[in-house]
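Trainee: Just need the structure, nothing else, for what follows:
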Amino acid sequence: MNAPRHFLDLRKLDRATLRDVLDRAVAYKNGKKAPSLKGKTLALVFEKPSTRTRISFQVGMRALGGETLSLTQDDSQLGRGETIADTARVLSRYVDAIMFRTSKEKNLLEMAEHASVPVINGLTDTSHPCQLMADVMTFEEHRGPIAGRTVAWCGDGNNVAATWIQASLQFDFALHLACPASRLPAKALLDWANQEGERVTLFEDPQAALVDADCVVTDTWFSMGHSDGEAVRKLLAPYQVNDILMKAAKAEAIFMHCLPAHRGEEVTPSVLDGPQSVVWDEAENRLHAQKGILTWCLA
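Mentor: From the prediction side, this is the model:
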């Protein structure tokens, strides 16, 4: 029996595979008929809430002819003490793939280790690879190949920032990372990036980070419904993406945000809704990227 094709992290896959997934996504968006997944079922397992991930996988799988079922901790035995390993073994007997959205990366890895069907990373506190596939797709849709270009991240060094680091190596672009020193991504990830290709440059000054940027990206400072306090908000305030900061980037630079956004916090409404923003295309492309991932995993 062949090992399942998991989609866990960008750095766990080779460049050719990632480009194949992107090419599929673009082709499906442009009307190419996708392989049918009729008779296939995708389990969506959520330990964390979701809008875009949930809907894009549901709609994408159904558009491909397959079915979905959705589970949260409240309506599965995960919330009553069953191990992730046992859940993976049982789900593998019922479904053809598992999308898992969880907090700890070790939970995702445990699911993948014990599942005999493909497992897809729907988000962990460490990374968000499905989002980055849609982000790279969106950049290339608006500005052509991302290889050799410059992307500036401005704000908290969270899981999405960490995945941009992985993407910079896999898709061969420069990443300017503007974060407070105390809010940088994990040192081990930064060390890996430096060893693999030195595509990432750290900045504490957001103005300097945006110079020559073809794309400016940010994300929420706090997960929705949570706040780490006023001290963190003050620390990150200079990294707010506003009209003044955007002027430091190239005139034709685009703005991206994976959403949901706290308007007036990490980004101003004038930027989020402005002419350089491509956030709604970015959100739509989650659907097409999920189709690319699903057909690569299953077809």
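Trainee: Please list all residues in contact with residue 118.
Mentor: If you count contacts by Cβ atoms under 8 Å, 6 or more residues apart in numbering, residue 118 has them with 4-7, 96-98, 297-298. From N, CA and C alone the C-beta is placed, and that goes for glycine too.
Trainee: Now do the SS call for residue 11.
Mentor: helix (DSSP: H, G, I helix; E, B strand; the rest coil).
Trainee: could you check the distance from it over to residue 150?
Mentor: 20 Å (Cβ to Cβ, to the nearest Å).
Trainee: More neighbours: the two, which one.
Mentor: More neighbours surround residue 150 than the other of residue 11 and residue 150, with 22 against 19 (other Cβ atoms under 10 Å).
Trainee: Name the nearest residue to the more buried one, ignoring sequence neighbours.
Mentor: Once flanking residues are discounted, residue 150 sits nearest to residue 174: 4.5 Å by Cβ to Cβ, 6 or more residues apart in numbering.
Trainee: Just want the phi and psi numbers for that neighbour.
Mentor: Note on residue 174: backbone dihedrals following degrees, to the nearest 10 are phi -80, psi 140.
Trainee: neighbours of residue 72, just the number please.
Mentor: 16.
Trainee: Nearest spatial neighbour of it, chain-adjacent residues omitted?
Mentor: Nearest one to residue 72, counting by Cβ to Cβ, 6+ apart, is residue 46 at 4.9 Å.
Trainee: Which stretches in the stretch 151-299 of the chain count as helices?
Mentor: 159-170, 187-196, 206-210, 230-236, 243-246, 269-272, 279-298 (DSSP state H, counting those that start in this stretch).
Trainee: right, so of those, which gets closest to residue 30?
Mentor: For residue 30, the closest of those is helix 279-298, at 9.2 Å, according to Cβ to Cβ.
Trainee: Report the buried residues of that closest one.
Mentor: 279, 282-298 (16 or more other Cβ atoms under 10 Å).
Trainee: Please apply the same query to stretch 193-213.
Mentor: Those would be 193, 199-200, 203, 206, 209-210, 213, for stretch 193-213 by 16+ other Cβ under 10 Å.
Trainee: Now pLDDT and distance to residue 63 too, for these, in TSV please.
Mentor: Formatted as TSV, the buried residues of stretch 193-213 follow (pLDDT from 0 to 100; distance: Cβ to Cβ, whole Å):
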residue	pLDDT	distance to residue 63
193	96	35
199	95	35
200	98	36
203	97	41
206	97	39
209	98	38
210	98	37
213	98	34
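Trainee: Which member of the residues you listed is positioned nearest residue 235?
Mentor: Using Cβ to Cβ, those come closest to residue 235 at residue 206, 12.6 Å.
Trainee: Low-confidence stretches in the stretch 1-150 of the chain?
Mentor: 1, 75-80 (pLDDT under 70).
Trainee: in it, which spans are helices?
Mentor: For the stretch 1-150 of the chain, the helices defined by DSSP H, counting those that start in this stretch occupy 15-29, 52-63, 84-94, 105-114, 129-143.
Trainee: Let's have those helices in TSV, adding mean neighbour count and distance to residue 219.
Mentor: Formatted as TSV, the helices of the stretch 1-150 of the chain follow (neighbours: other Cβ atoms under 10 Å; distance: least, Cβ to Cβ, whole Å):
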stretch	mean neighbour count	distance to residue 219
helix 15-29	18	21
helix 52-63	20	13
helix 84-94	17	27
helix 105-114	18	18
helix 129-143	23	9
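Trainee: Of all the ones you listed, which one comes closest to residue 166?
Mentor: helix 129-143 (7.4 Å).
Trainee: and the direction of the closest one versus that of helix 279-298, what angle?
Mentor: 120 degrees (axes from the mean of the first three to the mean of the last three Cα atoms, to 10 degrees).
Trainee: okay, residue 228: pLDDT?
Mentor: pLDDT, residue 228: 60.
Trainee: can you list the buried residues of stretch 193-213 in TSV and add distance to residue 263?
Mentor: Below are these laid out as TSV (distance: Cβ to Cβ, whole Å):
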residue	distance to residue 263
193	31
199	31
200	29
203	25
206	19
209	22
210	20
213	22
